[in-house]
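S.K.: next come a sequence and a model predicted from it.
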Amino acid sequence: MDETTSAALELIDVVKGFGSGSTAVRALNGVSLRIEPGELVAVMGPSGCGKSTLLHLAGAMDEPSAGRVLVQGRDLGDLGVTERATLRRTVVGYVFQRLNLLASLTAVENVALPLELDGAGVRQARRRAVDALGAVGITESIDRYPDDFSGGEQQRIAIARAIVGERAVLLADEPTGALDTATGDGVIELIASLPERFGTAVVLVTHEPRFASWADRVVFMRDGRIVDQTSPLVGIAPMSAAVAP
Amino acid sequence: MAVREGLLALLQEGPRHGYQLKTEFEAATGGVWPLNVGQVYTTLDRLERDGLVGVRVQHGDDGPGQKVYAITTDGTAALGEWWDAVPSEDPPPRDELMLKVLMAIDRGRDHAMRVVTHQRTVLTSLLQAKRRERKVAAAAEISLAERLVTEALVARAEADLRWLDVCESQLQSQPASRRKNGGS
């Protein structure tokens, strides 16, 4: 691995504890993980192994008890509240299992939201949102509301919102958990295409081996630690393919 | 081995030469079940002995005659029974994986966990490799049989991975060492 360039995401000896005294739990217990631009890494492990906590920390939604989390070389611990919020809107995208979209906004408004919050003009935000929807295969009915779309389409819209503005990192937490197998296959195929198409680094939390098999590297966690991983694939998208935020 | 029944199935479509049966059998099984010619003729001899196929010699314009095989009424009946019979797993698939994990448990929980972890990584790597093969194959013309063979391998690896997950969760609820004569 080229240590002279910034990883898209890097966790260094990260510890995350919840509670105190006899009820204290260590959700992460010394996790180190480096993910390159254009790399798709799947994280697997039993419930409670720390997978989701890892994503929360990587997405600047929570802070580690010890250790460092770096996104594009920037230490999240050095960022203030406002800077962290900006990072969540512009650099890191997040897709959950469900409840990704705001029901009161149309598909295109949902996708444009992070851009508008970041100060983009309405027209420009809409144009980029339409592009992002096109990139996930949603080209019709974009002015309709989330409930008018199927579960698979809603996840595609959520992915469009998570990558709009050319984010460097996509964090996906069981994005197929609420979908049937065939629809889930389509969503994973879409997610797996992002590293090559846009240079996005993707962290995919899943418990399905068939979905994890799309990854360049599969990391296995247990009891808050990484216990093993498959060998990384050669041929990760070059740095030049990565897009600036 | 179901080579006998495979040959009967091909013969039900019409009489065939031995070599023709070999190539059609291999095409039908996606190229993962190669037969040597000797094996084909030995099987055909047994089928003839058992009255499931008949043989006649076809004389060509030049050289010695060629044997042509055809299915008999008894052969058709045997094939019918085979279509309906449930395949038996003997030995069970991934027999060695199961043995490995069970023996590892006998050496203690920590050792078993290491074995389960490693086997899972190896099997997941296999799934990744199959996925990449499928990506390449998607662009090329491959037969339905070949695609289904790959899917079978993937489905079995997934089943093994699920079983390893069960092993892990059951092992985690066990005390640290269960070795009869001390630590691991």
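M.R.: Great, that's in hand.
S.K.: going forward, measure contacts between C-alpha atoms and count neighbours the same way
M.R.: Will do.
S.K.: could you give the bridge partners of A:Arg222?
M.R.: Counting by DSSP bridges, A:Arg222 forms beta bridges with A:Arg225.
S.K.: so who does it touch?
M.R.: A:Gly45, A:Pro46, A:Cys49, A:Gly50 (C-alpha atoms under 8 Å, 6 or more residues apart in numbering or on different chains).
S.K.: now A:Thr86
M.R.: Counting by C-alpha under 8 Å, 6+ apart, A:Thr86 makes contact with A:Asp118.
S.K.: B:Leu52 contacts B:Leu79, correct?
M.R.: No. Here B:Leu52 lies out of contact with B:Leu79, judged by C-alpha atoms under 8 Å, at a distance of 9.2 Å.
S.K.: give me the element A:Phe172 is part of.
M.R.: To be clear, residue A:172 is Ala; Phe isn't right here. Under the criterion of DSSP states H and E, A:Ala172 resides in strand A:169-173.
S.K.: strand partners (parallel or antiparallel) of that strand?
M.R.: With DSSP bridges as the criterion, the sheet partners recorded for strand A:169-173 are strand A:92-95 (parallel), strand A:201-205 (parallel).
S.K.: off-centre distance for it?
M.R.: Distance, stretch centre to chain centre, for strand A:169-173: 1 Å (C-alpha atoms, centre = their mean, to the nearest Å).
S.K.: can I get the CA coordinates of that strand in CSV?
M.R.: This file holds the C-alpha atoms of strand A:169-173, laid out as CSV (Å, rounded to 0.1, in the frame of the first residue of the first chain):
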residue,chain,number,x,y,z
VAL,A,169,-16.5,7.8,1.1
LEU,A,170,-19.8,5.9,1.1
LEU,A,171,-20.8,4.1,4.3
ALA,A,172,-23.5,1.5,3.8
ASP,A,173,-25.0,-0.2,6.9
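S.K.: got a winner among the contacts of A:Arg222 for most neighbours?
M.R.: A:Gly50 (25 neighbours; other C-alpha atoms under 10 Å in any protein chain shown).
S.K.: now do it against B:Ile142, distance only.
M.R.: A:Gly50 sits 41 Å away from B:Ile142, going by C-alpha to C-alpha, to the nearest Å.
S.K.: re the thing from before, so which of the contacts of A:Arg222 reach chain B?
M.R.: A:Pro46 (C-alpha under 8 Å from any C-alpha of the partner chain).
S.K.: now the contacts of A:Arg222 as TSV including pLDDT and secondary structure?
M.R.: What follows is the contacts of A:Arg222, written out as TSV (pLDDT from 0 to 100; DSSP: H, G, I helix; E, B strand; the rest coil):
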residue	pLDDT	secondary structure
A:Gly45	92	coil
A:Pro46	89	coil
A:Cys49	90	coil
A:Gly50	92	coil
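S.K.: now A:Asp216, what are its backbone angles?
M.R.: phi -70, psi -30 (degrees, to the nearest 10).
S.K.: please parse chain B into its domains.
M.R.: B:3-84, B:95-172 (automatic domain parsing).
S.K.: what strand or helix carries the residue of chain B found nearest chain A?
M.R.: In chain B, the residue that lies nearest chain A is B:Gln128 (4.4 Å; C-alpha to the nearest C-alpha). If you go by DSSP H and E, B:Gln128 is part of helix B:109-139.
S.K.: list the buried ones in that helix?
M.R.: Within helix B:109-139, the residues that count as buried by 16 or more other C-alpha atoms under 10 Å in any protein chain shown are B:109-121, B:123-128, B:130-132.
S.K.: can you give me the buried ones in the helix or strand harbouring A:Thr86?
M.R.: Taking DSSP H and E as the definition, A:Thr86 sits inside helix A:81-90. For helix A:81-90, the neighbour count (16+ other C-alpha under 10 Å) marks A:Arg84, A:Leu87, A:Arg88, A:Arg89, A:Thr90 as buried.
S.K.: pipe those into TSV and attach pLDDT and distance to chain B per row.
M.R.: Formatted as TSV, the buried residues of helix A:81-90 follow (pLDDT from 0 to 100; distance: C-alpha to the nearest C-alpha, whole Å):
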residue	pLDDT	distance to chain B
A:Arg84	90	35
A:Leu87	87	32
A:Arg88	86	31
A:Arg89	84	32
A:Thr90	87	31
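S.K.: export these to TSV and tack on distance to B:Lys67?
M.R.: As requested, the buried residues of helix A:81-90 are exported to TSV (distance: C-alpha to C-alpha, whole Å):
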residue	distance to B:Lys67
A:Arg84	80
A:Leu87	77
A:Arg88	75
A:Arg89	75
A:Thr90	75
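S.K.: find the nearest non-adjacent residue to A:Pro64, please.
M.R.: Once flanking residues are discounted, A:Pro64 sits nearest to A:Lys16: 5.0 Å by C-alpha to C-alpha, 6 or more residues apart in numbering or on different chains.
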